[in-house]
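Asks: give me a model of this one.
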Amino acid sequence: MNRLSHFFLRAKHWKMFLLLFIVSVGRFVGSIAIMVASPSPEVSGLALVGLALLGGLLALVFLTYLWSVGSFLCSVTRPDLQSPLSFFRVAIIYPMVLVFAAASFSLIGNTWPFVVFVALGLFALVCSIYDINFVSKALAMAETGEPRALPEYAGTFFLFLFFFPLGVWFIQPRVNRIYDARAGRSNHGSDL
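Replies: All right, here's what the predicted structure looks like:
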């Protein structure tokens, strides 16, 4: 396991919340500043690229978190309950690539046709929902050791989907407990 995964699995809930909250607020404040200021087209174009990169950073942090947690939880679940990681990993990588590709195309002044942009964006949305579902289900199965249906892990799913980044505040302690138990540590381990 790499250092980044180790960080995401051991980090305290308030640190994960703070990390995701700061990046989210930065992107929101940047959006408001662009709408209010809207100076010359050159500055506005550079501001939009900066905003796209901030959005890319948010996506990168959140999707890396999902990758780390989902891969770990899948590895600690009974083999007969494990979901295949292959589509999960593709579904994590695709939105990241799309965000940075869109920012790159904006930077060089090349735009995609609207239909292509919508189709690629909708598929990225489907991938993100799949990723959240995968991690939510894996967390429920890792905690109980039993197969779980959507109604049994819907709370976790909605914490990720609709209450981001606040949902991480409630989900991260559960991940910490499983990680600590798997690593043979006490319930709290070190304070990362």
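Asks: do you have the helices of the protein handy? List them.
Replies: Assigned by DSSP state H, the helices in the chain fall at 3-10, 13-37, 41-76, 85-107, 114-144, 150-161, 166-183.
Asks: ok, and what's touching the one helix or strand in the chain whose mean pLDDT sits lowest?
Replies: Least confident helix or strand, the chain: helix 13-37 with a mean of 77, by mean pLDDT, DSSP states H and E. Contact partners of helix 13-37, identified using C-beta atoms under 8 Å, 6 or more residues apart in numbering, comprise 8, 11, 44, 47-48, 50-51, 54-55, 57-58, 61-62, 65, 164-166, 168-173, 176, 192. For glycine as for every other residue, the C-beta is placed from the backbone atoms N, C-alpha and C.
Asks: next, format the helices of the chain as TSV and append mean neighbour count.
Replies: Formatted as TSV, the helices of the chain follow (neighbours: other C-beta atoms under 10 Å):
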stretch	mean neighbour count
helix 3-10	16
helix 13-37	15
helix 41-76	18
helix 85-107	16
helix 114-144	18
helix 150-161	16
helix 166-183	18
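Asks: residue ranges with poor pLDDT in the protein?
Replies: Within the chain, the set of residues satisfying pLDDT under 70 comprises 1, 30-31, 33-50, 103, 106-112, 185-192.
Asks: how does it look with 90?
Replies: Residue ranges of the chain with pLDDT under 90: 1-63, 75, 77-86, 95-121, 145-151, 159-169, 181-192.
Asks: what's the nearest residue to the residue positioned nearest the centre of it if we skip its chain neighbours?
Replies: With distances taken as C-alpha atoms, centre = their mean, residue 62 lies nearest the centre of the chain, 2.6 Å away. Spatial nearest neighbour of residue 62, excluding adjacent residues (C-beta to C-beta, 6 or more residues apart in numbering): residue 20 at 6.5 Å.
Asks: for residue 158, same thing?
Replies: Counting by C-beta to C-beta, 6+ apart, the residue nearest residue 158 is residue 167, at 7.7 Å.
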